[in-house]
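1. Pasting the sequence and the predicted coordinates here, then a few questions.
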Amino acid sequence: MPKITISNQANKVVVFNLNNESPVSILAILQENNIDWMHACGGNGRCTSCKCNIISGQSKLSNKSEVESSFFEAGKILDNQRLTCQTMPLGDITIEVPEKNKLPDVNYTN
Ligand code: FES
């Protein structure tokens with residue numbers, strides 16, 4: 001099964017089922033696995049607080065949604081970042097929480 005590795009949470013690994021007919025967002029997979037991740041607008045693509053840095057696996061991600069593309073164009077998401085609520089993993093990826101989006105009660109390893 002494919003996996004998501006979170007590099008700055010001690011390389012925590014989450015495995016998920018890949019369903020190509022109805023893929024699930026990174027954020028939904030993290031939530032299913034009880035991983036705290038900022039998502040101020042509730043996963044509706046309005047806030048960018050759920051963004052992650054992509055460490056590896058850029059080619060294993062769904063195409064950018066329209067709303068995500070607009071945030072890129074506005075400079076609110078960098079080239080190496082994606083919104084976890086808008087992005088579906090299609091294989092193994094490694095991500096990290098950007099400095100600005102770290103939660104106060106979570107221990108990060110870098
Ligand atoms: S949770 Fe707000 S954009 Fe993803």
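-> Alright, I've got the coordinates. Note that the coordinates shown come from a computational prediction; the quantities given were computed from them, not determined experimentally. Numbering: from 1, shown residues only.

2. Get me the contact residues on the protein for the ligand.
-> 39-41, 43, 45-50, 83, 85 (CB under 6 Å from any ligand atom). For the C-beta atoms, the positions are set from N, CA and C on the backbone; glycine is no exception.

3. tell me the SS of Thr109?
-> Secondary structure state of Thr109, per DSSP: H, G, I helix; E, B strand; the rest coil, is coil.

4. can you map out the helices along this protein?
-> With DSSP state H, the ranges of helices along the chain come out as 26-32, 66-73.

5. Apply the buried test to the residues of the chain next to the ligand and list what passes.
-> Buried subset of those (neighbour count, 16 or more other CB atoms under 10 Å): 39, 43, 45, 47-50, 83, 85.

6. picking up where we left off before, adding mean pLDDT, write the helices of the chain out as a markdown table.
-> What follows is the helices of the chain, written out as a markdown table (pLDDT from 0 to 100):
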| stretch | mean pLDDT |
| --- | --- |
| helix 26-32 | 98 |
| helix 66-73 | 95 |
